[in-house]
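J.: quick check, what structure comes out for this input:
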Amino acid sequence: MSHSVILKTYEFSPHVQQNLATIQALPALNHATLDSMRQEMRARGIDWLLDLYLRELPNYIREMMTALHANDGEQLYLAAHKFKGGSANLGADQVVNLCKLFEQLGRQNDLATANQLIPILELMTQQLRQEIVDERHRSG
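T.: Numbers count the residues shown, from 1 in each chain. Below is the predicted model:
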């Protein structure tokens with residue numbers, strides 16, 4: 001299922017629609033950020049960081065799902081904030097900005113909208129995961 005199919009499936013507020021349009025225009029993985037990190041971490045490289053992120057990705061999503069199942073907006077905010085921080089380190093621009101939206105929804109306790117965004121988050125993280133794997137193959 002594509003992002004556009006999901007967007008047509010749910011009714012989002014104009015604010016959420018605008019945020020999603022902006023997020024979808026971003027790259028899943030910002031290669032300029034990765035190149036900058038490579039320059040800074042020349043001696044150690046960044047493959048270990050990419051591997052760590054791939055291992056943590058399911059945990060980030062699980063924490064958000066747990067918050068949603070518990071109907072806990074504050075827990076959602078905290079989980080999204082943690083996910084955003086880990087993703088920002090890699091330049092995962094789409095996920096970072098989607099996490100910002102989840103943070104807002106958590107603060108507003110708008111868990112219905114947050115639940116509707118989960119399929120988009122899953123698609124974006126699948127795409128990101130593939131880009132990271134591709135990046136590892138290019139650099140390895």
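
J.: how about the contacts made by the residue most central in space within the chain?
T.: Centroid check for the chain by CA atoms, centre = their mean gives Val95 as the closest residue, at 2.2 Å. Val95 sits next to Ala28, Phe83, Lys84, Ser87, Leu121, Met124, Thr125, Leu128 when contact means CB atoms under 8 Å, 6 or more residues apart in numbering. Where C-beta positions appear, they are placed from N, C-alpha and C, glycine not excepted.

J.: mind giving me a markdown table with those and columns for distance to Arg136?
T.: As requested, the contacts of Val95 are arranged in a markdown table below (distance: CB to CB, whole Å):
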| residue | distance to Arg136 |
| --- | --- |
| Ala28 | 15 |
| Phe83 | 21 |
| Lys84 | 22 |
| Ser87 | 17 |
| Leu121 | 22 |
| Met124 | 19 |
| Thr125 | 16 |
| Leu128 | 13 |
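
J.: hang on, the earlier thing: excluding chain neighbours, what is closest to the residue nearest to the centre of the chain?
T.: Take Val95 and drop its neighbours on the chain: the residue closest to it by CB to CB, 6 or more residues apart in numbering is Ser87, 4.4 Å away.

J.: so the one you found: helix, strand or coil?
T.: In three-state terms, and counting by DSSP: H, G, I helix; E, B strand; the rest coil, Ser87 is helix.

J.: swap in Leu90?
T.: Three-state call for Leu90 (three-state DSSP): coil.

J.: how near is it to Leu26?
T.: According to CB to CB, to the nearest Å, Leu90 and Leu26 sit 13 Å apart.

J.: could you check which of the two is surrounded by more residues?
T.: The residue with more neighbours, out of Leu90 and Leu26, is Leu90; 23 against 17, by other CB atoms under 10 Å.

J.: touching, Cys99 and Phe83? I think so.
T.: Yes. With contacts counted by CB atoms under 8 Å, Cys99 reaches Phe83, the gap being 4.9 Å.
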